[in-house]
Every structure is written in C-alpha cells, then in structure tokens.
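Novice: I need the structure of the sequence given here:
(3 chains)
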Amino acid sequence: MATLDLAVTASLVAPWAEWERRGLAGRRLLEAGTYALTEGAIAAGCRVVAGYPITPATDIAEYMSKRLPQVGGYYVQCEDELAGMHACAGASLGGLKAMTATSGPGFTLLHDAYGWSVTNEIPLVVVDAMRVGPISGITGAPGQGEFYVARYCTHGGNFETIVLSPSSVQEAFWLTIDAFNLAERFRTPVTILTDQVVSDMWEDLFIPDDFDALDFVVPRKHNLMMPFYPVGSADLDVAPNVIGHGTGVCVSAYTHTEEGYDIEEMEAQWAQTYRLINKIRHNRDACTRYETLGLDDAEVVAVAYGANARTVKTGVVEARRRGVRAGFVRPITLWPFLDELYAADRHYVVCELNYDGQLVREVARAAPDSKKVHFMGKSAELHTVAEVVAGLDGVARSGKLPELPYIWTEVR
Amino acid sequence: MNKLAQKYLRPSQIPTKACHGCGIGMIENWLLQAIDELGLQQEDVIFGTGIGCVGRQTFATWGGDNFGATHGRALAVATGLKLAQPDKKYLIVVGDGDAASIGTSHLIHAARRNLGVTVICEDNMGYESTGGQFSPTTPAGYVTNSSPYGMAEPPFDPCDVVKAAGATFVAETTATQWHQTVKIVKKALANDGFSFVHVRFPCNENFGAYALGTRDTLKNLEWIYEHTQGRKADGTETDFTWETGIKHDASNSRPEFSKIMRDVNLRVRAEMAAKAAGAAAKP
Amino acid sequence: MPLFKTEKKPSRGPAGKWDVVIGEDMCKACGFCLAVCPVDVFAWRTAPNKLGWFPMYTAKENNCIGCMLCYQICPDFCIDVAVKPTLAAVGGSP
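Specialist: Okay, the predicted model is just below:
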C-alpha cells in the first residue's frame, strides 16, 4: 500500500505486536489464511480438530487431517458440524486443546454445542469463515453476517462471549494462538470470525520454526478439585476441568452448582450467570485487541474489521492524501464490544460486508451522537478504495454519505 | 442406601428425581452390580447421559466423573472424550428419544466407528419427560399424549439400526430381567468397541396413564413382564413380544475407534522418523 | 411364574439368616418389593417419610429366605439384603 508520509499515529493493541518483535527464528512462506490458521492452532497446542468440511473452511480440515497425526493429534471428520463441536468439547474436557472450523451454514448448527461449552466453561476455539448469506448464499464470496450471531452464539442469554477477527494471513496465525490462550484463561469457547477472503488469499506468512519454544502459549492445566465451577466469582485464569482424573466432576446442560450438578434455585442462576458474564466483562483488558490510525485529529473515522478492513484502511490513507482528516478504527476483538473506541464525538463511517447493518448498530449505540454514525454496507465484494474515499470525503464535506451504487446506507 | 450405591453414587443426588415406580433406578442398580462384579472402581468409569427422563434422572447420580450432554449428543461428546481418555470405561445412559430419535445420527456413526463405549438405551417407549408423547419406539397403534388416535407411524428397533451400522455387541433386555441385564452389561463392558444394550422399562406416570390407562406401578411393571414373556397372567398371548437376549456379539473382532486413530499417528510418526533418519544418513 | 405374588408362601429353608435393611427415608412407595417377595417380610408404614410417601419397612425379617428379588427390583437403592454375620465370626457363642 502507499507509504504513509503524513504524521498520523498508528497503533496496534494486540499481544502479537510484541511477539513479532522478538525476532524468532523461522521461515517466510507464501500461504493462504487457512494454512496460517492451521499452523497457529498447532503452535498453540491444538491436538483435536473435529468438524465437517464447508467452503471456505474446508482447507483447514484438509491441512489438519495431514498435520495432526504428525504431532500426535486427531482429526475427526464428523457426521455434521453439531457432532464436530460436541466432539471438540468432549476432547477438551478430556484434556486436549480442540478446535472446529466451519462457515455460516455450519455455524448456525453450533448453537447447541456452544451453549454446552459456554455453560460448562470448556476452552475451545471455533473458526467461522463467513460468507454471503443467508444460508448457502454465494459460496465463494466474503460476508460479515455473523457479527451478532457470534456474540449470541447460543440461546437463553446470561453469558458473554469473546470474538476475534483477523484481517491478514499473518495476523490469522498469531491471532489463532491468542484465541487458544484466551480460551484457556477465560475457560470459554473463543470464536474467530474470518471470511472467505482472509481464508483463501495468499500472502506473506512468517512461521516460527520451533513451536515448543513459544513461551507465550498458555498451556493446558487441569483443575483437580472443588469448586469445579467457581460460581459467583469473576476470576480469570481458573484451570479448566478435566474428565478422567477421578475428580468426580459433573458437566451439565443445566444451570448448575459448584460441583456441576443441576439445581433449580434462582440464587444458583444468579451465581452461575455472575461468573459467565463477569469473568469476561471484569477482565476485558485481557482480551482487548484493536488497530487505529490517525485518531488524534480525525474528523471522520472509518470503521471496519476482517478482510474489507484492508481496502478501507487504504481508503483512509488515500483520503488523508487528499486532505480529508480521516481516521481508521479496526476492532480485532469484536466482543466484548470495545465501546471506548467510539467515545470521541465525530463522524463514523462503518463499512461492513452485509446490507442489514450489524456492527454499525453497536457503533451507533456506543458513539455519543448516533446521527453521526453512517453505514456503508456491501455484500459479495470488498469495498473499493474509491468507494471508501468517496464516502469519507462526502461525510467530511457535508455530514452525509454520497449516493454510491451497490452501497447500502440505510439502517432502519 | 444399598452398599453399591454407597460405594459408587453421589449421596447428594439420592433419592433421585425419578417418579415412584420408574425403572431407571432399577436399571442403574444393575449397572452398579455389573461394574462391581467386574472389579471396576469409581475412577475407572465415566458416565455420559443426555436429556429426558433417563438422562436427567441418571445424571450426577454417578459419584465419579460424568457429563450430561445436550439432547441427543452424548455420543458426539463421547467421540471426542474417548480420544483424550481412551482407557476409561464409558457408560452412555440415554433414553429412546435421546438415542433413537434426536441422536440417531450420532448413534449410527458411533457404531460405524466402533467407538469404545457401552450405550445403555433405556427405553420407556415415549418422550415421558415432556409428558408422554410418542417416540420412534412406541408400539404401533398405542395412544399417547401426542397420538390420541393411536400411534400412526410405525416404530423401529434401535438394535437393528446399530447392528446395521456396525456395532460389535447388541443386546436387549427388559426391566424384569435383572440377572440377564447384569450379565449382558458385563459382556458389553468387556467389548473394546461399540456395545449397545437396549432395556425396555415402565413409565407408570405418563406411558402408563395414556397407553395402558393406569398409573398403578405394579400394573405397569406387569405389562413389561408380560411383553417379555409373550404371555399375560391369564395365559393369553400379548399383542407383541420383545425379543430379548444377545442379538449380536462380535466383541473385540474389529479395531476400536480411538485405537484406529492412535495407530494412524504411530504410522505417520514412524514414517516421519524413517524419513528423517534417511535424510540424516545422506552425505 | 408370576412376577408378583399376592399370596405369600410360608418361609422355610434359609429363612432367618438374612438382614433386610430398607432406607425408609428414600422409599418412594412403589410397592414392588412387597409384591415381588414370595414370603411375608414387608409391610407399609402408617406415617409418611420426609419425601411424603408412606414407606415400606421390614416387618418380619425372620421370614426372609434371601432370594434377593426385592434388592433387584427396588428402583431407589433402598434395600440391602445380606447374610447375618454369624455369631462365631463375631466371637460369640452360637
């Protein structure tokens, strides 16, 4: 992309900002996002992948079927996605780090398994390579339609989720390690929302040679004593429970006690919910990741995540070159939602790969003046740099988005 | 509590939530006998259950590690868990709804893979937890909570399904066959592969009320007894008879799922080592 | 052979050698043990237990012949039937 010769501040808040600076020995490859996701998971210690092939996540299944036996792990091709995530939950309960990878149509089948994993605090990583929907939609086009579905990944309420989204192949590698780390620390399934572009595109990828030497990987620990579920506590870094060590742990589909068996008291529901929500909300700093550009003096800020954040960022730089005081916010942690990134009173142009408007609703809620939050929705193709520049320029001049073909601007 | 319950069960969960006269507790007592007679300790056995009467009234009664999965998915969870903890004995105690209705897909594939677990499918011939609707094992023509004009669909026998899918041990008993059930469960547990034990039992509260017209516990257990023997107390034939006994025993005749997976790993690692040795040997 | 015996037989054989213990607080009054027992051992209490059922109790333990049918049929883990420890074993005189 064009060199940024303007004095604007760029910042990346993410643990891999530091990991990349360590100068680890490794090799440079030209590889796809699915390859990076696979290697990232292996580096993080993932030893079970159970799922069902679906475009564009199929390559993860294929790579994993080859890689896992090489590292003593297991690839299980299940009868459907639901079985896949349940099998991952079982493997994780038995002490092995596990991951499943799917796309939108398979993701919708995971609600049951998500619920079970969330309520029982089972560490897992779920990759959803989003595509245009609903349902099969356009098989080979990127989408961002599961922004809310990933947060509300199961029914019943009373829980928080952690959802991350990479926007490059290199970032997919580091972020997958980070996702496994967060899964261990928070004892929860962590969702990686990627899309067809990040999954399938080929980019420069650095992979460290020695995975065992990565000291920033959080290892699996076993919780061998009561309480198995510290209900009423928001503590981070509680070791995950394990089945098979004779601890007498109960893992339940119901609202449960500290021991894990079912209970029907309102007080128990409160205590369990206190833990499920607050272990994440009270420890938000531990899972906050984002990227910004030029926020010091921006009058209009473009907001995007995932694949289209690449073209949107280039659009921001180009707008700057043309004199627009444009800024850029890329949330990497989508949930818990980073309200603080939209606290300043200015215009926000939210660029999303959907027409119904999802991220824009959250930005409008978080921003001080929702009338200054604008929506540029697009489906099946990334936003072009020209569209982004036109949008930022229009809002900077007149406070309104210009009419652009195939750009959806209404939210209500 | 009887001695085996004291040895193996979780005191806080006894008495169970089961209705009076329900067969679930009886069958669990026989499971404990089988476990005890095989010399297994609490930490050697993992219980997995599901949703519904059998799932809920069994869940957490076992004093050792146990899980209550979502409806129908106990075998999916067990597929992953067995990979991580292959040396334990697994008793997957599920009902006819959990195993043969919502969970049939996983049942079939667990049998196909020869997953090393023992499924105890306790069958009260209906969805009794939700009030007594019919299930795929309700006898044809029977009146239930959701078949007021008589069950119109034909039922099936899950034993046939798992046998066709490749189960290596398949057996059927009823709630009036205690000794047979204990013996059969011991054989099932001795199979390093997929074992399926189908046990028909009475539900006097719902099935009894709708299908038999009585909630009397003795009459409901008697109905089970009659359909096990094929004969009523007055000597006349019953409308149908369950075929009980071991239906298929190919125990230990083919590799168990987690063993297959471990063998793949061993082979791949051996090939990698050979390649590395070969590369090292070159000048 | 009928499952339930409405007419109880007189005891003989190994009668009188068995301890029959019912956990009355756990009994849900299904009635199976009384019905399946071939001899006259069980009877209903006239006061309810903590669960709200009128439980079964061992009224005539000496009649028990140790067939174990009650143990096998109880759905609530209430019943234990075991050989009485012999007086010789506990160091007493027969």
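
Novice: tell me the SS of the most centrally placed residue in chain B?
Specialist: When Cα atoms, centre = their mean is applied to chain B, the residue found nearest the centroid is residue B:120 (1.7 Å). In three-state terms, and counting by DSSP: H, G, I helix; E, B strand; the rest coil, residue B:120 is strand.

Novice: Which pLDDT does the model give the spatially closest residue to it that is not a sequence neighbour?
Specialist: Take residue B:120 and drop its neighbours on the chain: the residue closest to it by Cβ to Cβ, 6 or more residues apart in numbering or on different chains is residue B:93, 4.7 Å away. No exception for glycine: its C-beta is placed from N, CA and C like everyone else's. At residue B:93, the pLDDT value in this model is 98.

Novice: tell me which element residue B:93 is part of?
Specialist: Residue B:93 is part of strand B:89-95 when elements are defined by DSSP states H and E.

Novice: Paired strands for that strand, with orientation please.
Specialist: strand B:45-49 (parallel), strand B:118-123 (parallel) (DSSP bridges).

Novice: Specify the beta-bridge partners of the residue nearest to residue B:120.
Specialist: Under the criterion used (DSSP bridges), residue B:93 bridges to residue B:49, residue B:120.

Novice: distance of it from residue B:45?
Specialist: 11 Å (Cβ to Cβ, to the nearest Å).

Novice: Now for those two: what residues contact both?
Specialist: Residues touching both residue B:93 and residue B:45 (Cβ atoms under 8 Å, 6 or more residues apart in numbering or on different chains): none.

Novice: Pick out whichever of the two has more residues nearby.
Specialist: residue B:93 (31 against 24; other Cβ atoms under 10 Å in any protein chain shown).

Novice: Can you give me the neighbour number for the closest residue to chain B within chain A?
Specialist: Per Cβ to the nearest Cβ, residue A:94 is where chain A lies closest to chain B, at 2.4 Å. By the measure other Cβ under 10 Å, the count of residues near residue A:94 is 25.

Novice: what does residue A:406 give?
Specialist: 11.

Novice: Let me see the contact set for it.
Specialist: residue A:378.

Novice: got it, and residue A:331?
Specialist: A:165, A:290, A:303, A:305, A:337-338, A:341.

Novice: Would you mind measuring from the residue of chain A closest to chain B to chain C?
Specialist: Distance from residue A:94 to chain C, counting by Cβ to the nearest Cβ, to the nearest Å: 29 Å.

Novice: Next to chain B, which bits of chain C? Give me the list.
Specialist: C:2-4, C:23, C:26, C:28-32, C:35, C:51, C:53, C:71-80, C:82 (Cβ under 8 Å from any Cβ of the partner chain).

Novice: List the contacts of residue 69.
Specialist: Since no chain was named, I'll use chain A. Counting by Cβ under 8 Å, 6+ apart, residue A:69 has contacts A:75, B:264-265, B:267-269.

Novice: meant chain C, my bad for not saying
Specialist: Taking Cβ under 8 Å, 6+ apart as the test, what residue C:69 contacts is C:33, C:36-38.

Novice: re earlier: out of the residues of chain C next to chain B, which sit inside strands?
Specialist: By the criterion of DSSP state E, membership of those in strands covers C:79-80, C:82.

Novice: And those residues, which is closest to chain A?
Specialist: residue C:80 (23.4 Å).

Novice: Outline the domain layout of chain A.
Specialist: Domain ranges of chain A: A:14-213, A:290-398, per automatic domain parsing.

Novice: Can you lay out these as CSV showing mean pLDDT and distance to residue B:66?
Specialist: What follows is the domains of chain A, written out as CSV (pLDDT from 0 to 100; distance: least, Cβ to Cβ, whole Å):
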stretch, mean pLDDT, distance to residue B:66
domain A:14-213, 96, 11
domain A:290-398, 97, 32
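
Novice: Of all these, which one comes closest to residue B:197?
Specialist: Smallest distance to residue B:197 across the domains of chain A (Cβ to Cβ): 21.2 Å, for domain A:14-213.

Novice: For residue A:195, which residues are in contact?
Specialist: A:56, A:129-131, A:142-144, A:306-307, A:353.

Novice: partners of the helix or strand harbouring residue A:31, with directions?
Specialist: Assigned by DSSP H and E, residue A:31 falls within strand A:26-32. Paired neighbours of strand A:26-32 in the sheet (DSSP bridges): strand A:202-208 (antiparallel).

Novice: contact partners of the strand it pairs with?
Specialist: A:20, A:24-33, A:35-36, A:39, A:43, A:168-170, A:173, A:214.

Novice: Give me the distance from that strand to the chain's centre.
Specialist: Taking the mean of its C-alpha atoms, strand A:202-208 sits 20 Å from the chain's own mean (Cα atoms, centre = their mean, to the nearest Å).

Novice: Buried ones in it, by neighbour count?
Specialist: Within strand A:202-208, the residues that count as buried by 16 or more other Cβ atoms under 10 Å in any protein chain shown are A:203, A:205, A:207-208.

Novice: Closest one of the residues you listed to residue B:83?
Specialist: residue A:207 (26.3 Å).

Novice: Please name the nearest non-neighbouring residue to the residue of chain A closest to chain B.
Specialist: Computed as Cβ to Cβ, 6+ apart, the closest residue to residue A:94 that is not its neighbour in sequence is residue B:84, at 2.4 Å.

Novice: next one: residue A:158
Specialist: The nearest residue in space to residue A:158 (Cβ to Cβ, 6+ apart) is residue A:273, at 4.3 Å.
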